[in-house]
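Engineer: My questions are about this predicted structure, shown below with the sequence.
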Amino acid sequence: MIKTASLALACAALLAVTAQQAHALPVSPTFDVFGPLPEATFSGSGIPNHSVAITSFVDGANTITLGLTATQRFGEPPVTNDGAGTFTAQAGGFPGMPTLARWNFDYFVKIVGGGTLADYAINLLYDLDPGAGTDESAHGVWDLSASFPTDVLNQDSQNLGFGFLAAGFPPFVIAPGFGPFDPTAAGEYTFALRVSSLGGSPLGESAIQVNTVPEPISASLFGIGALGLAIGGARRRRRKQTA
């Protein structure tokens, strides 16, 4: 009897774990084409648009194009990618603004055919947890349809360090439970741009992953060495001037 009860408890525990795993839905790279999106500026000047996770689909009279990418912030080290939706960026705070990352995530939504964002449920999911495999339910959600209802083209370049993403701005931005964002943390961040009908039926999605890694030791040592040479040179110049 004791053995039977123990077996039943073990089976129940296994079923519970299996159920939890079945509901674990980490975001993974998703797109139709990974490559250039020439019409995307991401509302900036000179922001790279040559490595974008692009999804395009037709809904009635409307053709909808989605794009997601990750790019370096201004003059920071370039963000690389594997050609399949996974990007690699350097961890660390942006110079002068240490709460911001050295990289941005960039999105693009365009509707051609008479519709606007308000005709759909368009959500941008973002991840503040550097742990791998963050469940989609733990992502923050930015409702682009409610934020920009009359737009037929909406695009921007954002940074996970921007305060409204961690604090939220209901009902437009629902913050994730994990926060605030730590730009120095090496880890994995995922993003998804999703379109559904107003009735809730999924229509299309683009998703990417960004892995952040520490600055290479060689680059750090080079920076320290260059700083030491500069200080040494300045000291020598001062000695010459006072001699």
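Structural biologist: Okay, I see it.
Engineer: Nearest residue to the middle of this structure?
Structural biologist: Central residue of the chain (CA atoms, centre = their mean): Phe191, 4.4 Å from the mean position.
Engineer: contacting residues for Thr55?
Structural biologist: The neighbours of Thr55, taking CB atoms under 8 Å, 6 or more residues apart in numbering as the test, are Thr30, Phe31, Asp32, Val33, Thr65, Leu66, Gly67, Gly204, Glu205, Ser206. To be clear about C-beta, it is placed using only N, CA and C from the backbone, and glycine gets the same treatment.
Engineer: try 10 Å this time
Structural biologist: 30-33, 64-68, 193-195, 203-207 (CB atoms under 10 Å, 6 or more residues apart in numbering).
Engineer: How about Phe42?
Structural biologist: 48-49, 52, 67, 69, 71, 104-108, 155-158.
Engineer: Of those, which is the most crowded?
Structural biologist: Most neighbours among those, by other CB atoms under 10 Å: Thr69, with 30 neighbours.
Engineer: Now do the strands in this structure.
Structural biologist: 33-35, 52-59, 62-72, 80-81, 86-90, 93-94, 97-101, 103-112, 121-126, 140-143, 153-158, 173-174, 187-196, 202-213 (DSSP state E).
Engineer: could you measure the closest residue to Trp103 other than its chain neighbours against Glu136, distance?
Structural biologist: Distances taken as CB to CB, 6 or more residues apart in numbering put Ala89 closest to Trp103, at 3.8 Å, once the chain neighbours are dropped. Distance, Ala89 to Glu136, using CB to CB, to the nearest Å: 21 Å.
Engineer: where does the chain dip in pLDDT?
Structural biologist: 1-24, 217-243 (pLDDT under 70).
Engineer: change it to 90
Structural biologist: Along the chain, segments meeting pLDDT under 90 span 1-24, 179, 215-243.
Engineer: Okay, buried residues for stretch 60-75 please.
Structural biologist: Neighbour-count burial for stretch 60-75, counted by 16 or more other CB atoms under 10 Å, picks out Asn62, Ile64, Thr65, Leu66, Gly67, Leu68, Thr69, Ala70, Thr71, Gln72, Arg73.
Engineer: hmm, I was thinking of stretch 195-215
Structural biologist: Neighbour count says stretch 195-215 has Val195, Ser196, Leu203, Gly204, Glu205, Ser206, Ala207, Ile208, Gln209, Val210, Asn211, Thr212 buried, by 16+ other CB under 10 Å.
Engineer: Out of those, which is nearest to Leu117?
Structural biologist: Of all the buried residues of stretch 195-215, Leu117 sits closest to Val195, with 9.3 Å by CB to CB.
Engineer: Next one: the nearest residue to Glu205 once chain neighbours are set aside from Phe178, what distance?
Structural biologist: Distances taken as CB to CB, 6+ apart place Arg194 nearest to Glu205, at 4.7 Å, with adjacent residues excluded. Going from Arg194 to Phe178 by CB to CB gives 20 Å.
Engineer: Could you do Gly113 as well?
Structural biologist: 38 Å.
Engineer: Now find how far off-centre stretch 157-173 is within its chain.
Structural biologist: Averaging C-alpha coordinates over stretch 157-173 and over its chain gives two centres that are 12 Å apart (CA atoms, centre = their mean, to the nearest Å).
Engineer: Using CSV, list the CA coordinates for it.
Structural biologist: The C-alpha coordinates for stretch 157-173 follow below in CSV (Å, rounded to 0.1, in the frame of the first residue of the first chain):
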residue,chain,number,x,y,z
SER,A,157,14.9,52.4,-32.0
GLN,A,158,14.5,51.7,-28.2
ASN,A,159,16.8,50.8,-25.3
LEU,A,160,16.0,48.4,-22.5
GLY,A,161,17.4,51.0,-20.1
PHE,A,162,14.6,53.5,-20.9
GLY,A,163,12.6,53.9,-17.7
PHE,A,164,9.1,53.5,-19.1
LEU,A,165,9.9,49.9,-20.1
ALA,A,166,10.8,48.9,-16.5
ALA,A,167,8.2,51.0,-14.8
GLY,A,168,5.4,50.5,-17.3
PHE,A,169,2.9,53.0,-18.6
PRO,A,170,-0.6,51.3,-18.4
PRO,A,171,-2.5,50.6,-20.5
PHE,A,172,0.0,51.2,-23.2
VAL,A,173,3.0,49.5,-21.7
